[in-house]
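*Asks:* what's the 3D shape of this:
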Amino acid sequence: MKFLFVHQNFPGQFLHLAPALAARGHEVVGLGVNPLKAPLPGVRHITHRPSDPGPGPRDADSFSQEWAAKRARAQSAAQAMTNLKAEGFHPDVVFGHPGWGEMLHARDVFPKSRNLVFAEYYYGADDGDSFFDPEFRRGPVDLPSLQRLRLKNTHLLHALADCDAAVSPTVFQKSQHPSIFHDRIRVIHDGIDTDRFAPDPGASIKLQQAQVELKHGDEVVTFVARQLEPYRGYHIFMRSLARLQRLRPKARVVIVGGDGTAYGASPPAGSTWKNIFLNEVKGELDMSRVHFVGQVPHPLLQRLMQVSAVHAYLTYPFVLSWSMLEAMSQGALMVASSTGPVQEVIEHGRNGLLVDFFDHQALADTMAEALTRQQELQPLRQAARQTVADRYDLRRVCLPDMLKFVEQAAG
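*Replies:* Predicted coordinates for the structure are as follows:
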């Protein structure tokens, strides 16, 4: 059979699925905007180049400009699909991520193909991210705010209406979609390689700039986010550190993440969320024990999780980070926010510790307690890894389920 994967940043969530299908003898093509960092065995990769829609009229609203960008991506992807069709490639299945618009015309180009959608997130549910954090609301939840959210989902609704089936990584993410589509959305996680992400009592890591070596058993508190921003609770974590240092003065805090914005509103011009919240609290901190290491290669991040004594994970009710499950797979002692996506995985007192997202004092107290009781709380580490092995293991659970899902869709 023939499979076409469509993703702005291919392979994205299809990193393991696409080559696994190729290994089973299927013909697999991946369509994206950027070149691959490394080839995928058996997978042909093609790129498309969306045109720049330009700034638009001076009086154009933000949705009009965003929609123009998504239409440009949709048209570019459709042309690339049309070129494939002209070559004689007629996929049995088109499986795409609709988040950037590339799936808008997939059904138009390949009307006979089975159409699958990666339903990652849908905006605006009452228990979702949109109005979760009062600190960053731009005024009351009024009609214009709700209108912007409804329009933000336009391209996602097109994809859901066109698809034959969809998949969401978690129950929470599925629940954010309109209930009328729930019967066509399966819950299958992308999968965590638990063989690779495993505990290592002998692990150590050297922070070059600070000339400090950290090893398993040290009082190391870790915080990881792709970008250091409010959506992942960076502001709450920073506000917890002064109290944490008073309670555990020997603890070292290692913060991983970039200076940009991945989700939510951008910071005021000329600043970064990282510096805004660092500047808010650094006068109260012993900065010799707080280490910002930026974005690090995955092998280094893996070792950092292996030496971590406490791993803090905070998030709005939003997409669950791979980093949380990878940390759990490596036996991290989790202190996490009691928000929807996290509560689906972590049960307080069984495989981690939960705190209210907004309560930075409770976060500090819980992290300090976890450092104090490291040996006593060892069963939580073991249960965290077992949770990931039982429910999210890549090769034994998730990839087999995903292969079954797409091959059944193809008939």
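*Asks:* mind listing the helices for this structure?
*Replies:* Under the criterion DSSP state H, the chain carries helices at the ranges 17-23, 62-86, 106-109, 143-152, 154-162, 171-175, 234-247, 273-281, 298-307, 322-329, 340-343, 360-372, 378-391, 399-410.
*Asks:* any idea which of those helices scores lowest on pLDDT?
*Replies:* Within these, confidence is poorest for helix 143-152, with a mean of 84 (mean pLDDT).
*Asks:* so what's the residue nearest the centre of the chain up against?
*Replies:* For the chain, the residue whose C-alpha lies nearest the mean C-alpha position (Cα atoms, centre = their mean) is residue 321; its distance is 3.8 Å. If a contact means Cβ atoms under 8 Å, 6 or more residues apart in numbering, then residue 321 has 224, 225, 226, 232, 313, 315 as its contacts. Heads up, the C-betas are built off the backbone N, CA and C, glycines and all.
*Asks:* count of residues packed around the residue nearest to the third one when sequence neighbours are not counted?
*Replies:* It refers to residue 226. Nearest residue to residue 226, sequence neighbours excluded (Cβ to Cβ, 6 or more residues apart in numbering): residue 262, at 5.1 Å. Taking other Cβ atoms under 10 Å as the neighbour definition, residue 262 ends up with a count of 13.
*Asks:* for residue 262, give its distance to residue 159.
*Replies:* 21 Å (Cβ to Cβ, to the nearest Å).
*Asks:* equivalent analysis for residue 300, please.
*Replies:* In this structure, residue 300 and residue 159 are 36 Å apart, going by Cβ to Cβ.
*Asks:* tell me the domain boundaries of this protein?
*Replies:* Segmentation of the chain into domains, based on automatic domain parsing, reads 2-191+394-410, 204-391.
*Asks:* so which of the ones you listed gets nearest residue 197?
*Replies:* Smallest distance to residue 197 across these (Cβ to Cβ): 4.0 Å, for domain 204-391.
*Asks:* just the endpoints, please. Distance across the closest one?
*Replies:* Distance across domain 204-391, first residue to last, is 28 Å (Cα to Cα, to the nearest Å).
*Asks:* next: stretch 300-317.
*Replies:* For stretch 300-317, the first and last residues are 28 Å from each other (Cα to Cα).
*Asks:* re earlier: show me the contacts for the residue nearest to residue 226.
*Replies:* For residue 262, the residues meeting the contact criterion (Cβ under 8 Å, 6+ apart) are 226, 227, 229, 231.
*Asks:* return the member of those residues nearest to residue 355.
*Replies:* residue 231 (17.2 Å).
*Asks:* that closest one: neighbour count?
*Replies:* The burial count for residue 231: 23, using other Cβ under 10 Å.
*Asks:* so for the nearest residue to residue 231 once chain neighbours are set aside, what's the pLDDT?
*Replies:* Nearest-residue entry for residue 231: residue 263, 4.0 Å, with adjacent residues in sequence omitted and distances by Cβ to Cβ, 6+ apart. Turning to residue 263, the model gives it a pLDDT of 91.
*Asks:* can you pull the contacts of residue 393?
*Replies:* When contacts are counted by Cβ under 8 Å, 6+ apart, residue 393 touches 191, 192, 194.
*Asks:* now do residue 215
*Replies:* Applying Cβ under 8 Å, 6+ apart, the residues near residue 215 are 203, 204, 205, 307.
*Asks:* one more pass at 7 Å, please.
*Replies:* Contacts for residue 215 were tallied using Cβ atoms under 7 Å, 6 or more residues apart in numbering; they are 203, 204, 307.
*Asks:* any idea how far residue 277 is from it?
*Replies:* Residue 215 sits 29 Å away from residue 277 when distances are taken as Cβ to Cβ.
*Asks:* likewise for residue 312?
*Replies:* 14 Å.
*Asks:* who has more neighbours out of those two?
*Replies:* Just comparing residue 312 and residue 277: by other Cβ under 10 Å the higher neighbour count belongs to residue 312, 28 against 20.
*Asks:* wait, doesn't the more buried one sit right on residue 223?
*Replies:* Yes: taking Cβ atoms under 7 Å as the definition, residue 312 is a contact partner of residue 223 at 4.9 Å.
*Asks:* which residues do the two both contact?
*Replies:* Taking Cβ under 7 Å, 6+ apart as the contact rule, residue 312 and residue 223 both touch residue 237.
*Asks:* of the domains of the chain, which approaches residue 198 most closely?
*Replies:* Nearest to residue 198 among the domains of the chain is domain 204-391 (6.2 Å), distances taken as Cβ to Cβ.
*Asks:* the closest one: how far from the chain's middle?
*Replies:* On the basis of Cα atoms, centre = their mean, to the nearest Å, domain 204-391 sits 15 Å off its chain's mean C-alpha point.
*Asks:* may I have the beta-bridge partners of the nearest residue to residue 35 once chain neighbours are set aside?
*Replies:* The shortest distance from residue 35 to any residue that is not its chain neighbour, by Cβ to Cβ, 6+ apart, is 6.4 Å, and that residue is residue 47. When assigned by DSSP bridges, residue 47 has beta-bridge partners residue 32.
*Asks:* surely residue 47 meets residue 29?
*Replies:* No: with contact taken as Cβ under 7 Å, residue 47 and residue 29 are classed as non-touching, separated by 11.5 Å.
*Asks:* which one's more surrounded, the two?
*Replies:* Just comparing residue 47 and residue 29: by other Cβ under 10 Å the higher neighbour count belongs to residue 29, 22 against 14.
*Asks:* residues touching that one, list them.
*Replies:* Under the criterion of Cβ under 7 Å, 6+ apart, the contact partners of residue 29 comprise 4, 44, 46, 84, 89.
*Asks:* who has more neighbours, residue 300 and residue 159?
*Replies:* Set residue 300 next to residue 159 and count neighbours by other Cβ under 10 Å: residue 159 wins out with 24 against 13.
*Asks:* would you mind measuring from the residue nearest to the more buried one when sequence neighbours are not counted to residue 369?
*Replies:* Distances taken as Cβ to Cβ, 6+ apart place residue 98 nearest to residue 159, at 3.5 Å, with adjacent residues excluded. Noted for residue 98: a distance of 43 Å to residue 369, by Cβ to Cβ.
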